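>>> I would like the atomic coordinates for the input below:
(2 chains)
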Amino acid sequence: MKEEELRAVVIATLKTIAPEVEEGDLRPDRPLRNQVDLDSMDWLNFLIGLHEKLKVDIPEADYAKLVTLGDVLDYLKVKLK
Amino acid sequence: MIEFKLPSLGADMDEGKLLEWKVRPGDTVKKGQVVAIVDTSKAAVDVEIWAEGTVFELLVAPGETIPVGTLMATLLEAGETAETTKRTPRPAPASKAAAPTPPRRGPLPRAGVEGAVPGRRRISPAARKHAEELGVDIDTVAGTGPEGSVTLVDVEQAAAATVSPARTAAAPDKSAEMRRAIAAAMSRSKREIPHYYLSEPVPMRRATEWLAKANESRPITSRLLMAVVQLKAVALALRKFPEMNGFFRDGAFQSAAVAHIGVAISLRQGGLIAPAIHDVGEKTLEQLMLDLTDLVKRARAGSLRSSEMSDPTITVTNLGEQGVATVYGVIYPPQVALVGFGRIVEQPWVENGALTVMPVATASLAADHRVSDGHRGALFLAELRDLLQQPESL
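Below you'll find the predicted structure:
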């Protein structure tokens, strides 16, 4: 999967949780949960959405690595290789 | 004859707009069946009926806005027939789009009140002052106090009702409406409930380690959140402290037999709603996780059930999610307590005489002094803390 495609999937998944999100407003280097106001239930649903669309397994122990949008994209790229 | 009236779906609701009937005359209904969808200032709610019978007449049309307590439909009990039953005159709608003045509305009409002589109205000084503050014309306010006197509550209800004409005439500004509803309920809470506040740091190492281990072997779709562990602990602690769980109504407290915990859910468009998860103490963590997921989803989508809106016997708020350390809650009347959890932070902690680093969450209690004292509140928080040290037993 190309990087742009992956990004589109991630943003689309995010929008199912937070429909008000504007992609242009997201800073890739800032904590995603603060920018989008995701509580732990939203976060879990976001990761479940990614898991279902991309068929990747995301152990809870890896949550700490997933802070910014950039982190999420990098993590998924490695997982999808 | 069974009368089906618009139930109150929370302290902040005084009227609702019928969106849709889910039943027709002649339909038989069971207890707990959704019979109508009613829009409140917070959400469209699926309204359930708690009687069994056959729908006889529907007395309110979709689109009508009616006060809480309005007779909406009549049903025939077993054995009754349409022939033996008198038809009911249709009630007038509560507010009309073109109404030039705020509709006169009290909580419930009382005998003699409407007959009060104009010009000799009794208006309490506090009510008059409050009316000025709220921009309410005191002469248009219906009095429900002794001898038709206008009370503080009447003024507030009149102020709340002034939004009605605009609501039906123009596109509703949902978020302003919700803010107004929250303001009314919280004002009532702060006016009527003598709150006391306590907080207790709760070591969370056992709970976080236990949860991490439990989730390790679970697929992502069935992982548990700390929120459900905390909810269950609250429900179990309440078994020993019934004075935190129930309703204060008409000057008396009535404890509830089970814990229907209202979960504060922030809505993405702004505002807050706290519908109940029923029988929390009797459910497994897995079931609670399913219930919480479903409840949050439906709260955000605006499809809650009336029992979820009117049943909470206590509220739990988890503002720690937003990063605060301690929550000082405002009790949601007629409930008598609110439990808050702050975020889990690592901090220095002395354990068995040695200094260690401990994940700690501050649990707080706002409770009603009319029902309990700080001493019992402190014991309740201690029980909650102890329960969270044995997550495997929750």
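
>>> Within the helices and strands, which one has residue A:70?
For residue A:70, the element it lies in under DSSP states H and E is helix A:69-80.

>>> and that helix, which residues are buried?
Burial within helix A:69-80, assessed by neighbour count using 16 or more other CB atoms under 10 Å in any protein chain shown, is assigned to A:69, A:71, A:72, A:73, A:75, A:76. For the C-beta atoms, the positions are set from N, CA and C on the backbone; glycine is no exception.

>>> where does the stretch 151-300 of chain B come near chain A, residue by residue?
The stretch 151-300 of chain B comes close to chain A at residues B:212, B:215-216, B:220-221, B:223, B:225-227, B:266, B:268-269, B:292-293, B:296, as judged by CB under 8 Å from any CB of the partner chain.

>>> sorry, back to before: CSV please, covering the buried residues of helix A:69-80 and showing pLDDT and distance to chain B.
What follows is these, written out as CSV (pLDDT from 0 to 100; distance: CB to the nearest CB, whole Å):
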residue, pLDDT, distance to chain B
A:69, 92, 18
A:71, 93, 17
A:72, 94, 14
A:73, 93, 18
A:75, 95, 14
A:76, 95, 14
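
>>> what about stretch B:182-200, start to end distance?
27 Å (CA to CA, to the nearest Å).

>>> buried ones in it?
Buried-residue list, stretch B:182-200, by 16+ other CB under 10 Å: B:182, B:184, B:185, B:186, B:188, B:189, B:193, B:195, B:197, B:199, B:200.

>>> Just give me the closest of those residues to chain A.
Nearest to chain A among the buried residues of stretch B:182-200: residue B:182, at 18.4 Å, using CB to the nearest CB.

>>> so how far is chain A from residue B:25?
39 Å (CB to the nearest CB, to the nearest Å).

>>> which SSE is the nearest residue to that residue once chain neighbours are set aside in?
Nearest non-adjacent residue to residue B:25, counting by CB to CB, 6 or more residues apart in numbering or on different chains: residue B:55, 5.1 Å away. Residue B:55 is located in strand B:53-58, with elements delineated by DSSP H and E.

>>> any idea how far whichever residue of the stretch 251-394 of chain B sits closest to chain A lies from residue A:33?
Residue nearest to chain A within the stretch 251-394 of chain B: residue B:321 (4.1 Å; CB to the nearest CB). Computed as CB to CB, to the nearest Å, the residue B:321 to residue A:33 distance reads 9 Å.

>>> More neighbours: which of the two?
Legend: neighbour count by other CB atoms under 10 Å in any protein chain shown for residue B:321 and residue A:33, higher for residue B:321 (22 against 19).

>>> Next, count neighbours for the nearest residue to the more buried one once chain neighbours are set aside.
Distance criterion CB to CB, 6+ apart; nearest residue to residue B:321, sequence neighbours excluded, is residue A:39 at 4.1 Å. Using other CB under 10 Å, residue A:39 is surrounded by 19 other residues.

>>> Could you do residue B:32 as well?
By the criterion of other CB under 10 Å, residue B:32 has 11 neighbours.

>>> on that earlier part again, so which of the buried residues of stretch B:182-200 belong to helices?
B:182, B:184, B:185, B:186, B:188, B:189 (DSSP state H).

>>> where do the helices sit along the stretch 201-350 of chain B?
Using DSSP state H, counting those that start in this stretch, the helices of the stretch 201-350 of chain B run over B:205-216, B:226-240, B:285-301, B:306-310.
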